[in-house]
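# model the structure of this input:
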Amino acid sequence: MELDLVPRLGAVLGVAITLAVLALLLRWTYGHQKNVTLPTDDPDDPVATGLLTEVSRVPGPDAARVLRERLRAEGIRATTARADGGGWALLVFPGDVKDAKVVLSRRSLD
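Just a heads-up that it's a prediction; the model follows:
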């Protein structure tokens, strides 16, 4: 009986050491680095809209919603956001700017 205990103990100890090394390796690879600060401001994007480009600015949220729905009906992805200078901005991706301006320049037939 005493001889059966040694191989089991070795296997359990081997698994425990392997898990500990794996945990340390993962911590080292994916752990949080508190000394690294993430950039919060982009000097090239003064309004902080990221990849989006403003195509129109309207005074209220209802007008922004109507224009956004008009763009979406034409298959153009759009969103709205409060503008820094007041009002609401209608934002689209850079590749959709030209099409969005064409759609917005048309009069509504509703």
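
# in the longest helix along the chain, what counts as buried?
For the chain, the helix with the greatest residue count under DSSP state H is helix 2-30. For helix 2-30, burial by neighbour count (16 or more other C-beta atoms under 10 Å) applies to no residue. Backbone N, C-alpha and C define where each C-beta goes, glycine included.

# for stretch 98-110, same thing?
Residues of stretch 98-110 classed as buried by neighbour count (16+ other C-beta under 10 Å): Ala100, Val103, Leu104.

# what about the strands in this structure?
Secondary structure of the chain (DSSP state E): strands located at 53-58, 78-82, 88-92.

# pull the residues that contact the second one.
In other words, strand 78-82. Contact with strand 78-82 is made by 49, 52, 55, 61, 64-65, 67-68, 71-72, 88-92, 96, 100, as judged by C-beta atoms under 8 Å, 6 or more residues apart in numbering.

# can I have the buried ones of those residues as a PyMOL selection?
Selection of buried members from these for PyMOL, criterion 16+ other C-beta under 10 Å:
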select buried, resi 52+55+64+67+68+71+88+89+90+91+92+96+100
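
# on that earlier part again, just the mean pLDDT for the longest helix of the chain, thanks.
If you average the pLDDT over helix 2-30, you get 83.

# any idea how far that helix is from the chain center?
Relative to its chain's centre, helix 2-30 lies at 39 Å (C-alpha atoms, centre = their mean, to the nearest Å).

# ditto for stretch 75-82
15 Å.

# identify each buried residue in it, please.
Neighbour counts over stretch 75-82 (16+ other C-beta under 10 Å) mark Ile76, Ala78, Thr80 as buried.

# relative to Gly86, how far out is the closest residue to the second one other than its chain neighbours?
Once its chain neighbours are removed from consideration, Ala78 has its nearest residue in Leu71; the separation is 4.1 Å (C-beta to C-beta, 6 or more residues apart in numbering). Taking C-beta to C-beta, to the nearest Å as the measure, Leu71 falls 22 Å from Gly86.
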